[in-house]
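Participant: Sequence first, predicted model second:
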Amino acid sequence: MMVMGAWLRVGKTGMDRRGTGSSLWRGFAAAAALAGGVPAAMAQDAQPTRSPPSANQDGLRPVLNSDGGRTLRFDWPMLSIGTGEYEEGPTGVTVFRFGRKVHGAVDVRGGAPGTVNTDFLRLGYETPDLDAVVFAGGSWYGLEATTAVDTALKDDGVRSGYWDNIGLAVGAIIYDFGGRRLNEIYPDKRLAQAALRAARPGTFPLGARGAGRSAMTGSLFGCDAHSGQGGAFRQVGPVKIAAFTVVNAFGAVTDREGKLAACYPDPAWPKDVKTSQLLTDFSEKRLSGLLAASADKGRKNTTVSLVVTNVKMSPAELQRLAIQVHSSMARGIQPFQTMFDGDVLYAVSTDEVDPGQATLGFGSVDVATLASEAMWDAILASVPPQPAAPVPAKRAVAGQAVLEGYAGDYRFSPIAELRVTAREGKLFGEATGKYDVFAVKRGQPVELLPVTATDFTVPGRYPMLLRFDGKGTLTVNPGSWQQVAQRTAR
C-alpha cells in the first residue's frame with residue numbers, strides 16, 4: 001500500500017545520488033501523508049497536489065459472490081464467505097464470517113499496513129471474541145468496510161450493545177488505485193454489508209474477485225501482473241485448515257519450481273526466467289536497466305492473509321501459527337514484506353477439535369506446517385489468466401470517416417480523460433485529465449494502431465486495447481479489468 005519517493009534512482013547511465021538525505025525525507029513524507037501520519041503539506045515536494053474528485057457512489061450496484069469460473073469449494077459450516085464488487089472500479093471486499101465467536105491472532109509485517117482492531121488481538125485473551133475478518137481494496141478508505149461489517153452484525157440482531165455481546169470484526173486493506181485503474185471508487189459501507197449478508201459456507205472465488213479485484217504483483221521487477229485472491233483447504237482426519245490471501249505484492253509470485261507465476265517480462269530476459277535469476281546480481285541488473293521497477297504501479301502494495309483451523313489452540317500457539325505461516329509466504333512471494341508492502345496475516349481457531357484426542361496426534365507445529373503449505377497453494381491460486389497483447393493489423397482496417405466517428409473527448413472519471421483525434425487515416429490518443437490513461441500519457445499524443453475496425457492498441461510491454469462502439473463509448477482493456485469512458489465532446 002505504501003507510496004514512497006525513491007531516494008536512490010538508478011538508470012542505464014548509473015546512479016543518481018542527488019540530494020540523498022532530503023529526497024529520502026520527501027519520500028517518507030509522501031508515504032506518511034498517504035497513510036495519514038504526516039500532514040499533507042509536508043509531502044508537497046514529493047508528489048503534486050490534486051484536487052479531490054467527486055466521489056458519489058450511490059448509483060453503483062454491488063455484485064455479490066461472483067466466481068468468474070474459478071472457485072475453491074470445501075466442507076466447513078463454521079466458516080462463511082461473502083464477496084462484493086463494484087465493477088465500475090473494479091474494486092471489492094471479501095468477508096469471512098464465523099458461526100460463533102472465535103479466537104484470533106495477528107502478525108503484521110512490511111512498511112505500510114492498514115488495519116482495524118489488530119491491537120485487541122495482540123492481547124491474547126482466553127475468551128473467544130472475534131466474529132469476522134474483512135479484506136478490502138480502496139487503501140485506507142476501504143477500512144470503512146470492516147466497521148460496516150461490525151455495525152451490520154448489530155443492525156441484524158446478531159450482536160447488541162451489551163458489553164459481553166459486542167460485535168468484533170478485524171480487517172486489512174490493499175492499495176488498488178493509481179496505475180491499476182482510472183478512478184477512485186472504493187469499497188464502502190453498503191458494499192461490505194451486502195457481502196456480509198450474502199456470505200455462504202464452503203465457497204471461495206479465486207483470482208480477480210472480492211478484495212483482490214484490482215490487485216497486481218511483481219512491480220519490483222516491472223512485471224505488473226494482474227493478481228487477485230487465492231485459497232486452499234486441507235483436511236487430515238477431523239483437522240481442517242483453510243488458507244486465504246489477497247496478493248498485491250511488490251515482489252513476484254513464485255511457483256514451487258522457482259519460476260515466475262505471472263509476469264510481463266522484459267524482452268531482454270531469458271525464456272522461463274526464475275525469480276532467483278532476477279535476484280542474483282540484483283544491483284548489477286538494476287544499474288544496467290535490465291530490472292527497472294514500475295514507476296506508476298509499484299511501491300503501493302500489500303498482501304493480506306487469513307489462516308483458519310478447527311483445532312483448539314492457546315493464545316500463544318495461535319500467535320505462533322500466525323508467525324510461522326506468515327514467514328513461510330516468503331517462498332511464494334519474492335521478495336516479501338518490503339518497505340512498500342503492508343503485509344498482514346490473521347490466524348483463527350474455531351475450537352472445534354481437541355488436539356489432545358488420542359486418535360488425533362496433531363500438534364500446533366503440525367498444523368502450522370500444513371497451513372504453510374496450504375498458504376503457498378493459496379498464493380498460486382490467486383493468479384488469474386493474464387491478458388495477451390493485441391496484435392496490430394498489417395494494413396488499414398478503417399477509413400477516415402470511421403476514424404473521425406471515434407474522435408472526441410472521453411471521460412473515464414473526474415481524474416482521467418482521453419482526447420482522440422483522427423488525421424491522415426490514423427487515430428491518435430492523448431491523456432488530458434489528471435492521470436495518464438495507462439500507456440497514453442498526458443501531453444504526449446500517441447498513435448493508436450488498428451487491430452480491427454473497432455479495436456486499437458498501443459504496443460508496449462503491457463497489453464492495452466481500446467475498443468470503440470461507434471456510439472460514444474470507449475472501453476479500455478475489455479474484460480475483467482476494463483475501464484469505460486463516455487464521449488463528452490467531439
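Facilitator: Perfect, I can see it now.

Participant: Contacts made by the longest helix seen in the chain with the rest, please.
Facilitator: Looking across the chain with DSSP state H, the single longest helix is helix 364-381. Residues outside helix 364-381 that contact it (Cβ atoms under 8 Å, 6 or more residues apart in numbering): 70, 72, 206-207, 230-234, 236, 239, 241-245, 247, 253, 255-256, 261, 305, 307, 309, 311, 313, 317, 320-321, 324-325, 328-329, 331-333, 355. From N, CA and C alone the C-beta is placed, and that goes for glycine too.

Participant: Tell me where the stretch 301-450 of the chain has strands.
Facilitator: With strands called from DSSP state E, counting those that start in this stretch, the stretch 301-450 of the chain shows them at 302-311, 333-334, 344-353, 408-413, 416-423, 426-431, 446-450.

Participant: helices or strands up against the last one?
Facilitator: Contact here means 3 or more Cβ pairs under 8 Å, 6 or more residues apart in numbering; DSSP states H and E; on that basis strand 446-450 packs against strand 426-431, strand 455-457.

Participant: Tell me how many other residues crowd the closest residue to residue 445 other than its chain neighbours.
Facilitator: Nearest non-adjacent residue to residue 445, counting by Cβ to Cβ, 6 or more residues apart in numbering: residue 430, 4.3 Å away. Using other Cβ atoms under 10 Å, residue 430 has 17 neighbouring residues.

Participant: do the same with residue 395
Facilitator: 6.

Participant: just to revisit the earlier point, need the helices and strands packed on strand 446-450 in TSV (columns: distance to residue 219).
Facilitator: Output for the helices and strands packed on strand 446-450, formatted as TSV (distance: least, Cβ to Cβ, whole Å):
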stretch	distance to residue 219
strand 426-431	21
strand 455-457	22
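
Participant: Roughly how far does the closest residue to residue 354 other than its chain neighbours sit from residue 237?
Facilitator: Nearest residue to residue 354, sequence neighbours excluded (Cβ to Cβ, 6+ apart): residue 312, at 5.6 Å. From residue 312 across to residue 237, the span is 15 Å (Cβ to Cβ, to the nearest Å).

Participant: What of residue 388?
Facilitator: Residue 388 is 44 Å from residue 237, by Cβ to Cβ.

Participant: for the protein, which residue is closest to the average position?
Facilitator: What sits nearest the mean C-alpha location of the chain, by Cα atoms, centre = their mean, is residue 215, with 2.6 Å.

Participant: closest one to residue 165 among the strands of the stretch 301-450 of the chain?
Facilitator: Minimum separation from residue 165 across those (Cβ to Cβ) falls at strand 344-353, 18.4 Å.

Participant: CA-only coordinates of that closest one in CSV, if you can.
Facilitator: C-alpha atoms of strand 344-353 as CSV (Å, rounded to 0.1, in the frame of the first residue of the first chain):
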residue,chain,number,x,y,z
VAL,A,344,-0.9,-8.7,7.5
LEU,A,345,-1.9,-12.2,8.4
TYR,A,346,-4.7,-13.2,10.7
ALA,A,347,-4.9,-16.6,12.4
VAL,A,348,-8.2,-18.0,13.7
SER,A,349,-9.1,-21.1,15.7
THR,A,350,-12.7,-22.2,15.7
ASP,A,351,-12.1,-24.5,18.7
GLU,A,352,-14.0,-27.5,17.3
VAL,A,353,-11.3,-30.2,17.7
